[in-house]
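Novice: just coords:
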Ligand SMILES: [Zn+2]
């Protein structure tokens, strides 16, 4: 049966510590076993929502958002394994569930088989559009990991941050939450040492907007230039056991580094 352990076991403690910071919403954890939780299996899809009775009223919104998100995210692959969406009643319980503290902006967290979601009931400002984008973003991570991850027993090194977050941001249509191309160009000019392909720990911690914006625009560039089929091809190559670098070269006939140069030229236009 499926387990998240093979994906983590290769990581050294140091890289794992960095990973905790780098992955944002993608840290892998076993689902909690909350007392008094109720379950709602969605019909026709391998997804179950688990929630406290107090959050029962949020089910229609969560269900509707998942069903709307699925056609968008399954363009990258199928849901092969069951997924549990755990509704955390408030932000603190979300932070406890994912063992991350001090991330007030955090609303959700995804692994191969679980999405932890801060109950929309506890959002200060709730917009259906923003909630749908969040659910789409997290489900993209799940589909990505299930499609590219399990069969290859990949390590997280196969999936650089720019690609994971860029793909999720692109699929969720979160461009309006990122810097525009023009602003990003200016920001990159004022942060000449920043490399979106290998951000430093400090940049990951302190400059998330720059990081996520660069990731979003990098993936958007790839898809606009080469199409979505290449993304599916890239995921297939990873699933076959290639490292991300190998899979990237096989798919695009160039290295990430060369692609980044081309992207920078395009960004400057
Ligand atoms: Zn994410």
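Specialist: It's in. A quick note: this is a predicted structure, and the numbers were derived from the prediction, not measured.
Novice: which parts of the stretch 51-200 of the chain are strands?
Specialist: 83-88, 108-110, 114-118 (DSSP state E, counting those that start in this stretch).
Novice: format the ones you listed as CSV; extra columns: distance to the ion and mean neighbour count.
Specialist: Where C-beta positions appear, they are placed from N, C-alpha and C, glycine not excepted. As requested, the strands of the stretch 51-200 of the chain are exported to CSV (distance: least, C-beta to the ion, whole Å; neighbours: other C-beta atoms under 10 Å):
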stretch, distance to the ion, mean neighbour count
strand 83-88, 15, 24
strand 108-110, 7, 26
strand 114-118, 11, 25
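Novice: nearest to residue 255, out of those strands?
Specialist: Nearest to residue 255, of all these, is strand 108-110, at 28.2 Å by C-beta to C-beta.
Novice: chain center to the closest one, what's the gap?
Specialist: Computed by C-alpha atoms, centre = their mean, to the nearest Å, the chain-centroid distance of strand 108-110 equals 8 Å.
Novice: in its sheet, what does that strand sit against?
Specialist: Take DSSP bridges as the rule and strand 108-110 pairs in its sheet with strand 114-118 (antiparallel).
Novice: averaged pLDDT, the lengthiest helix in the chain. What do you get?
Specialist: In the chain, with assignment by DSSP state H, the single longest helix is helix 128-148. Mean pLDDT, helix 128-148: 94.
Novice: going by neighbour count, list what's buried in it.
Specialist: Within helix 128-148, the residues that count as buried by 16 or more other C-beta atoms under 10 Å are 130-148.
Novice: same question, stretch 50-66
Specialist: 50-52, 55, 58, 61-63, 65-66.
Novice: quick revisit: out of the strands of the stretch 51-200 of the chain, which gets the lowest mean score?
Specialist: Taking the mean pLDDT of these, strand 108-110 comes last: a mean of 92.
Novice: not counting it itself, show me its contacts.
Specialist: Outside strand 108-110, the residues within contact range by C-beta atoms under 8 Å, 6 or more residues apart in numbering are 25-27, 29, 94, 97-98, 100, 115-118, 134-135, 137-139, 141-142, 145.
Novice: and the helices in the stretch 151-269 of the chain?
Specialist: Along the stretch 151-269 of the chain, the segments classed as helices by DSSP state H, counting those that start in this stretch run 161-171, 181-190, 201-206, 208-226, 228-239, 244-252, 256-268.
Novice: which of the ones you listed sits closest to the ion?
Specialist: Across these, the ion has its closest neighbour in helix 161-171 (4.6 Å, C-beta to the ion).
Novice: outside of the closest one, which residues touch it?
Specialist: Here helix 161-171 makes contact (C-beta under 8 Å, 6+ apart) with 22-24, 26, 72-73, 75-76, 136-138, 140-141, 144, 175, 177-178, 196-197, 199, 204, 211-212, 214-220, 223, 231, 244.
Novice: what do you get for stretch 180-193?
Specialist: By C-beta under 8 Å, 6+ apart, the list of residues contacting stretch 180-193 from outside reads 178-179, 194, 207, 210, 213-214, 217, 264, 267-268.
Novice: filter these down to the buried ones.
Specialist: Buried among the contacts of stretch 180-193 (16+ other C-beta under 10 Å): 178-179, 194, 207, 210, 213-214, 217, 267.
Novice: what about residue 97, distance to the ion?
Specialist: 16 Å (C-beta to the ion, to the nearest Å).
Novice: fine by me, we can end here.
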